[in-house]
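generate a structure from the sequence data that follows.
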Amino acid sequence: MTVTDLKLEISRILLRAFVLGALGLLTVREGWGGPTTIQPYIDGAAGHPNDGVLTIPSSSRQIVFEVGDANGSGHPREGRVRYKLEGVDDAWRQKDGLVCFYVYFYGRNGDLVDRKIYEMNGKSPGWNGAMENSTFTHRRENLTVPPGADTIRLAFSSAGPPTTVGIYVVENVLITRQVGATGVPDIVLDGMSFLRSGSRGDPKAVRWFPDGTRLSMAKLLQLPGSDSSTKAFGIIDDDTSSHAEWRTGKEDAPKVYPGEALTVSWNEMYDTSMADQGYFTYGPLVAGHYRFVVQAVDAMDRPLSTENSISVVVSPPYWKNPWFWFGGAAAFVILLVLGGKYWMSVNIRRHLQRTRLVEEERLRIARDLHDELGARLAHIALTSANAESEESIPDAHRSFQKISRMTRELAAALSEVVWVVNPENDHLESLISFLHRLIHNVCEPTGIRCRIDALALAGPRPVPGALRHHVGLAVKEAINNVLKHSRATEIQANIRFEDPILKICIADNGKGFNPEQAGHGNGLANMRNRMLALHGKMTVKSAEGEGTTISFEVPIP
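This is a model prediction of the structure:
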């Protein structure tokens with residue numbers, strides 16, 4: 001092929017690409033420009049808008065909008081769309097697409113040695129909605145020629161993900177190397193001289209060829225604001241199943257040397273997105289009003305259809321609703337009233353209980369004074385009257401001795417009543433000390449040996465006055481029964497506290513009796529009743545001729 005034939009072939013390729021490109025700017029893929037439908041899903045369940053308004057609870061964790069073609073192409077929609085959720089997004093959103101700029105190194109035998117890939121996602125920094133409103137971004141990349149490399153070629157392509165669509169424009173491609181100590185760059189490749197007039201004899205110029213699965217998407221584009229001779233290489237990819245690219249030729253690939261440092265620079269602008277966007281997901285939304293808007297656009301981000309939208313209302317949480325606060329306030333007032341009534345009733349019951357306890361204590365004191373002091377005082381008065389009528393001195397002497405003994409007993413009984421009434425004795429240590437004195441004082445005048453074993457307490461333990469009263473009388477009655485009926489010569493009392501039980505054991509070596517036989521008076525019944533009043537128990541072990549053991553077990557609250 002002669003040089004003239006080669007020039008004619010290149011001209012035909014460029015003319016074909018330019019014509020197809022011009023047509024491509026005016027047309028889009030069939031079906032992309034139709035209206036869109038929106039189907040929302042709330043936490044995986046399909047939502048059903050009412051007159052274009054979807055109401056969802058504030059507890060929803062995720063909302064997904066499925067966008068489809070209303071002209072029957074199916075779900076999800078395939079084609080470039082832009083979307084936004086007003087109230088969340090400040091501008092249109094798209095899923096970023098991917099285009100690439102390639103640097104290839106080939107060996108002397110024509111085999112590929114290495115390549116460098118520079119990826120571009122979404123929109124370039126200077127992109128402003130359309131090519132005529134946007135500015136180029138300058139790129140500069142440094143690299144080292146790999147071992148075995150002999151020539152270098154360039155390419156840029158939309159052959160990233162198959163569903164990438166959009167526009168990618170490149171100009172002023174240049175490769176330089178540093179030469180000499182001065183560091184003056186030497187041009188290795190001038191990628192734009194091919195488009196300039198008078199560059200046919202430039203040894204640094206290289207030829208660019210459209211390539212890919214759809215060559216018509218590789219176009220020569222007129223730069224905005226420039227004369228008709230200033231163009232740039234562009235790819236307008238509007239096909240989700242094809243790609244296009246521009247690449248330099250093999251015949252005029254510049255020579256490079258392994259290890260040398262090169263700088264590749266170019267200007268670019270791009271706007272790409274993924275055309276397989278069928279689902280758009282948003283996380284939990286705060287209470288309020290939103291509007292999801294979607295619109296089909298072409299490869300250059302120009303609208304192809306009117307906007308379609310759906311309003312979304314996120315209900316406020318229940319605790320922000322007025323009825324909740326009204327109901328809460330009403331419930332609080334009701335609880336406050338009921339609580340106040342309950343508190344008043346509890347205090348009234350406590351007051352009545354304290355009043356009843358005071359009355360019972362007064363009755364008990366009166367009964368004790370009547371039983372202990374009244375009877376003894378009457379007996380003393382009777383004995384004193386008899387002593388006055390005694391004519392014999394020995395008889396009078398015995399009467400006064402009897403009066404003295406009863407007076408001592410009366411003083412002891414009065415001391416017991418005072419001990420029971422005094423609140424300072426409402427602790428277990430005082431009770432044990434009182435029982436020790438009581439047993440000793442009762443047994444001492446009779447000449448019966450008495451052994452008392454009482455363990456010391458580790459710490460203070462409060463006891464109510466009623467418990468002290470019943471325990472004291474029960475122990476006293478048990479000792480009196482021994483003195484009256486047992487004919488014992490020895491009494492052994494054991495007092496110990498096994499938290500929370502107070503255990504008292506009184507044993508004698510008397511004649512004993514059969515506890516199951518009747519006729520033993522009210523002593524045992526009185527003691528058992530006193531234990532029952534304290535939620536305790538009494539046990540009696542006795543047999544004829546073997547003595548008697550009476551045990552009390554009283555829980556200490």
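
pretty sure L304 sits against A296.
Yes. At 4.5 Å, L304 counts as touching A296 under the criterion of C-beta atoms under 8 Å. Every C-beta, even on glycine, is put in place using the N, C-alpha and C of the backbone.

all strands for the stretch 351-500 of the chain, in order.
449-454, 490-498 (DSSP state E, counting those that start in this stretch).

for A330, which of these is the nearest?
For A330, the closest of those is strand 490-498, at 54.0 Å, according to C-beta to C-beta.

and the following helix or strand past the closest one, what's buried?
Next helix or strand after strand 490-498 toward the C-terminus (DSSP states H and E): strand 501-508. In terms of neighbour count (16 or more other C-beta atoms under 10 Å), strand 501-508 has its buried residues at L502, I504, C505, I506, A507, D508.

quick check: neighbours of strand 501-508 in the sheet, parallel or antiparallel?
strand 490-498 (antiparallel), strand 548-555 (antiparallel) (DSSP bridges).

mean neighbour count, those strands: which tops it?
When you average the neighbours per residue for each of the strands paired with strand 501-508 (mean count of other C-beta atoms under 10 Å), strand 548-555 leads with a mean of 20.

circling back: mind putting the strands paired with strand 501-508 in a markdown table, mean pLDDT and distance to R449 included?
Formatted as a markdown table, the strands paired with strand 501-508 follow (pLDDT from 0 to 100; distance: least, C-beta to C-beta, whole Å):
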| stretch | mean pLDDT | distance to R449 |
| --- | --- | --- |
| strand 490-498 | 90 | 5 |
| strand 548-555 | 92 | 16 |
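
ok, which of these comes nearest R356?
Per C-beta to C-beta, nearest to R356 of the strands paired with strand 501-508: strand 548-555, 22.3 Å.

ok, and what's touching that closest one?
467, 471, 474-475, 478, 482, 486, 500-508, 510, 512-513, 527, 531, 534-542 (C-beta atoms under 8 Å, 6 or more residues apart in numbering).

okay, it in PDB with CA atoms only?
In PDB, the C-alpha atoms belonging to strand 548-555 read as follows (Å, rounded to 0.1, in the frame of the first residue of the first chain):
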ATOM      1  CA  THR A 548     -39.400 -32.900 131.800                       C
ATOM      2  CA  THR A 549     -37.900 -30.900 128.900                       C
ATOM      3  CA  ILE A 550     -39.800 -27.900 127.400                       C
ATOM      4  CA  SER A 551     -38.400 -26.200 124.300                       C
ATOM      5  CA  PHE A 552     -39.400 -22.900 122.700                       C
ATOM      6  CA  GLU A 553     -38.500 -21.800 119.200                       C
ATOM      7  CA  VAL A 554     -39.300 -18.200 118.300                       C
ATOM      8  CA  PRO A 555     -38.400 -16.500 115.000                       C
END
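
in the stretch 451-557 of the chain, where is pLDDT below threshold?
456, 458, 518-522 (pLDDT under 70).

before we move on, back to that, out of the buried residues of strand 501-508, who's nearest S241?
L502 (96.6 Å).

ok, and the closest non-adjacent residue to the closest one?
Distances taken as C-beta to C-beta, 6 or more residues apart in numbering put V554 closest to L502, at 4.7 Å, once the chain neighbours are dropped.

among the contacts of strand 548-555, which ones are buried?
467, 471, 474-475, 478, 482, 486, 502, 504-508, 510, 512-513, 527, 531, 534, 536, 538, 540, 542.

count of residues packed around I56?
Neighbours of I56 under the rule other C-beta atoms under 10 Å: 17.

next up, the contacts around K320.
K320 sits next to A287 when contact means C-beta under 8 Å, 6+ apart.

how close does it get to T55?
From K320 across to T55, the span is 15 Å (C-beta to C-beta, to the nearest Å).

now do R302
When distance is defined by C-beta to C-beta, R302 is 34 Å away from T55.

neighbour count for these two, which is higher?
T55 (14 against 10).

which residues touch the residue lying closest to S157 once chain neighbours are set aside?
In this structure, S157 finds its nearest non-sequential neighbour in E245, 3.3 Å apart by C-beta to C-beta, 6+ apart. Taking C-beta under 8 Å, 6+ apart, we find E245 in contact with A155, F156, S157, S158, A159, P210, D211, G212, A218, I235.

still on that earlier bit, any chance of the buried residues of strand 501-508 in TSV with distance to A46 as columns?
Below are the buried residues of strand 501-508 laid out as TSV (distance: C-beta to C-beta, whole Å):
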residue	distance to A46
L502	75
I504	80
C505	82
I506	86
A507	88
D508	93
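
that older thread, settle it for me: which of L304 and A296 has more neighbours?
A296 (24 against 16).

helix/strand/coil for the more buried one?
Classification of A296 using DSSP: H, G, I helix; E, B strand; the rest coil returns strand.

and the helices in the protein?
3-26, 322-368, 375-389, 393-421, 428-443, 465-481, 523-533 (DSSP state H).

tell me how the protein divides into domains.
3-27+95-274, 36-87+277-318, 424-557 (automatic domain parsing).

could I get those as JSON lines with distance to K341?
Shown next, in JSON lines, are those (distance: least, C-beta to C-beta, whole Å):
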{"stretch": "domain 3-27+95-274", "distance to K341": "65"}
{"stretch": "domain 36-87+277-318", "distance to K341": "29"}
{"stretch": "domain 424-557", "distance to K341": "29"}
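
contacting residues around A507?
I491, Q492, A493, N494, G547, T548, T549, I550.

show me what it bridges to in the sheet.
For A507, the beta-bridge partners are Q492, T549 (DSSP bridges).

repeat that for L85.
Following DSSP bridges, L85 is listed with bridge partners F292.

can you pull the pLDDT of it?
We note a pLDDT of 95 for L85 in this prediction.
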